[in-house]
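[1] Give me the fold of what follows.
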Amino acid sequence: MSAQNTARSITVRPACRADVPELLILMRQLASFEGYIDDFRVTEQDLLKRGFNPTPEFHALVAVEGETHVGYAVYYAIPFTYDLQPRLIMKELYVVREARSHGVGEKLFGAVVSAAKAVGASSLDWLVLPDNLAAQRFYTRHGGAEDQNWQHWTLSFPQA
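    Below you'll find the model as predicted:
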């Protein structure tokens with residue numbers, strides 16, 4: 001049976017202000033899973049200020065089963081690049097362990113893809129940890145591919 005056939009009754013929808021406490025819990029779970037929980041600084045007030053205002057810096061989707069939040073995705077847009085089209089960046093996609101392999105990730109990823117297409121984006125980009133082979137298989141199954149043309153670089157600034 002495919003993951004979609006075993007999917008429970010999951011609703012994926014845009015997050016609202018009332019979702020912020022649960023969204024933050026899920027974000028902390030992802031930070032723990034990916035190994036940066038000690039550096040995690042996001043608060044409910046940060047989410048409200050940056051994402052739930054007339055000009056949000058990011059968009060969030062939540063996957064809900066009944067009253068339980070079982071996953072989320074966060075994405076933002078770069079208004080234009082070399083091709084004068086927007087580019088969507090999926091910053092985070094996370095599904096709680098108990099809901100994995102039940103189609104939740106597919107629904108969340110599909111909703112982000114739909115959002116990218118709706119704004120006429122030329123691409124959807126994201127990062128995957130090198131040792132997260134399950135995520136790499138998931139994204140490959142959905143048409144994603146590692147970018148062979150670019151390397152990911154960063155410059156970190158110490159925080160006071």
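
[2] remind me which residues of this structure are low pLDDT?
    1-7 (pLDDT under 70).

[3] where along it do the helices fall?
    20-34, 44-51, 104-118, 133-141 (DSSP state H).

[4] Could you export stretch 122-131 as CSV, CA atoms only?
    C-alpha atoms of stretch 122-131 as CSV (Å, rounded to 0.1, in the frame of the first residue of the first chain):
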residue,chain,number,x,y,z
SER,A,122,10.8,29.7,-11.5
SER,A,123,12.0,27.3,-8.8
LEU,A,124,11.5,25.9,-5.4
ASP,A,125,14.8,25.5,-3.4
TRP,A,126,15.6,23.8,-0.1
LEU,A,127,18.5,22.3,1.9
VAL,A,128,18.8,18.8,3.1
LEU,A,129,21.3,17.5,5.7
PRO,A,130,23.9,15.2,4.1
ASP,A,131,23.0,12.3,6.4
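
[5] Name the residues that touch it?
    With Cβ atoms under 8 Å, 6 or more residues apart in numbering as the contact definition, stretch 122-131 has outside contacts at 34, 75, 81, 83, 85-91, 93, 112-113, 116, 135-136, 139, 144, 147, 152. Every C-beta, even on glycine, is put in place using the N, C-alpha and C of the backbone.

[6] do the same with stretch 38-55
    So stretch 38-55 is contacted by 15-17, 20-21, 23-24, 27-28, 31, 56-60 (Cβ under 8 Å, 6+ apart).

[7] first vs last residue of it, how far apart are they?
    Distance between the two ends of stretch 38-55: 29 Å, counting by Cα to Cα, to the nearest Å.

[8] Give me the buried positions along it.
    47, 51-52 (16 or more other Cβ atoms under 10 Å).

[9] before we move on, the earlier item: buried deepest among the helices of the chain, which one?
    Greatest average neighbour count among the helices of the chain goes to helix 104-118 (a mean of 18), per mean count of other Cβ atoms under 10 Å.

[10] So which elements touch it?
    Where contact means 3 or more Cβ pairs under 8 Å, 6 or more residues apart in numbering; DSSP states H and E, helix 104-118 is packed against strand 11-14, strand 59-65, strand 68-78, strand 87-95, strand 123-126, helix 133-141.

[11] For residue 108, which of the ones you listed is the nearest?
    strand 68-78 (4.5 Å; Cβ to Cβ).

[12] Please point out which parts of that closest one sit buried.
    Residues of strand 68-78 classed as buried by neighbour count (16+ other Cβ under 10 Å): 69-77.
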